[in-house]
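In: from the sequence below, what's the structure:
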Amino acid sequence: MTKTTTEQTLTRSPFKGDHVGSFLRPERLKKARLQRENGEITAEELRKIEDEEIIKLVESQKAAGLKAVTDGEFRRKWWHYDFLGGFDGVEFYEPEEGLKFKGVETKAHGIKVTDKIKYNGHYMIDHFKFLQSVAGDAVAKFTIPSPNMLFFRGTFEEGVYESDEAIIEDLIIAYRGVIQALYEEGCRYLQLDDTSWAIFFSEEGRASMKAKGQDPAKIAQLCARAINESIADRPDDLLITMHICRGNFQSTYMTSGSYEELSETIFGRLDVDGLFLEFDDERSGGFEPLRHVNRKDLAIVLGLITSKFGDLEDPAQVKARISEASKYVPLEQLCLSPQCGFASTEEGNLLTEEQQWEKIRHVIAIANDIWS
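Out: The predicted model follows:
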């Protein structure tokens, strides 16, 4: 998608030093949410505390050197379920077990599709409006799960949809509605978070799909269609990026595998403006799949700084890896960020808030050294 010279989405976003979006929940916020669940405070009182903590978070992001700020997903328990449950036809429910990560299991929570998926307003529009109101001179970046997450994570009641294609068609329409609504409220930097691609990266993941009677190649094309058609009508000054993740819960993950298996689709066919990619360890493979990047206007945000642990990466090694990636994609198209958010769920990763901010400052310092 071509941007006009004056509409480079507030000049340079995704910024050379950027971030995925979620932050560790402060203890005050965790306490307030528990009090609300126990009926000890009202929804309005919780909202007031959320507002105050988001204001502090925005100022902390600016102080760390970030040009794009998020609300840290402070109003959410889950990065994806909370948003997806805002569509008509989608309900929350409690399954028998949680999601399985490497040695860890989440709380039992999920979403089920009980009727046709529709956009009929969405409560998180207000979440963006508040962020926009306190962002000041920073770019208000909003993060939402991609449409593929409902396709992969939703439990579909029998008879609601006759085919995968029918599900994707309604998801596209619903996402067009919410994206347009966010734009009308001033959103100019939107990020789609997506763990669904990770199942295609490993032989084990592809085998699990085949065992369910699914054709991985066909499903991958449906996923690409869901993204491309959902964002096809966006205005020229709305920048949309996508974060491809392999799972993030209490410093662990779900799967491993190189981007190679789907590199032509991800790097050559998706119409997003930027890709946030995990490259923090061996789970993600090398940079070779980046050879399929075929657009000069596609930003590649290298997630070389882990958000899962507090130890800081050697700046020289990070710079060397960026240099290596530049063999496949020109340096001017590259950016740097943590490989994921710090708290995809309210539990958060296993590091302290100060370590979290050290990571962000680390990203900014290295990015300034390379691109300033």
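In: just the helices in the stretch 251-372 of the chain please.
Out: Ranges of helices within the stretch 251-372 of the chain are 263-268, 315-325, 353-371, based on DSSP state H, counting those that start in this stretch.
In: looking at the ones you listed, spot the one closest to residue 16.
Out: For the helices of the stretch 251-372 of the chain, proximity to residue 16 was assessed by CB to CB; helix 353-371 is nearest, at 4.3 Å. Glycine gets a C-beta too; all of them are placed from N, C-alpha and C.
In: please enumerate the strands of the stretch 251-372 of the chain.
Out: Ranges of strands in the stretch 251-372 of the chain, per DSSP state E, counting those that start in this stretch, are 274-278, 299-305, 334-338.
In: can you give me how far the first one is from the chain middle?
Out: Centroid separation for strand 274-278 versus its chain: 9 Å, with CA atoms, centre = their mean, to the nearest Å.
In: about what we covered before: adding distance to residue 146, mean neighbour count and mean pLDDT, write the helices of the stretch 251-372 of the chain out as CSV.
Out: Compiled in CSV, the helices of the stretch 251-372 of the chain are given as follows (distance: least, CB to CB, whole Å; neighbours: other CB atoms under 10 Å; pLDDT from 0 to 100):
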stretch, distance to residue 146, mean neighbour count, mean pLDDT
helix 263-268, 12, 18, 93
helix 315-325, 24, 15, 97
helix 353-371, 23, 18, 97
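In: now distance to residue 16 too, for those, in CSV please.
Out: Converted to CSV, these look like this (distance: least, CB to CB, whole Å):
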stretch, distance to residue 16
helix 263-268, 20
helix 315-325, 10
helix 353-371, 4
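In: nearest to residue 336, of the ones you listed?
Out: Among the helices of the stretch 251-372 of the chain, the nearest to residue 336 by CB to CB is helix 353-371 (4.8 Å).
In: in this structure, which residue sits furthest out from the middle?
Out: Centroid-distance maximum for the chain: residue 40 at 32.4 Å, with CA atoms, centre = their mean.
In: surely that residue forms part of a helix?
Out: No: per DSSP: H, G, I helix; E, B strand; the rest coil, residue 40 lies outside any helix segment and is coil.
In: is residue 72 located within a strand, as I assumed?
Out: No: going by three-state DSSP, the assignment for residue 72 is coil, not a strand.
In: no further questions, thank you.
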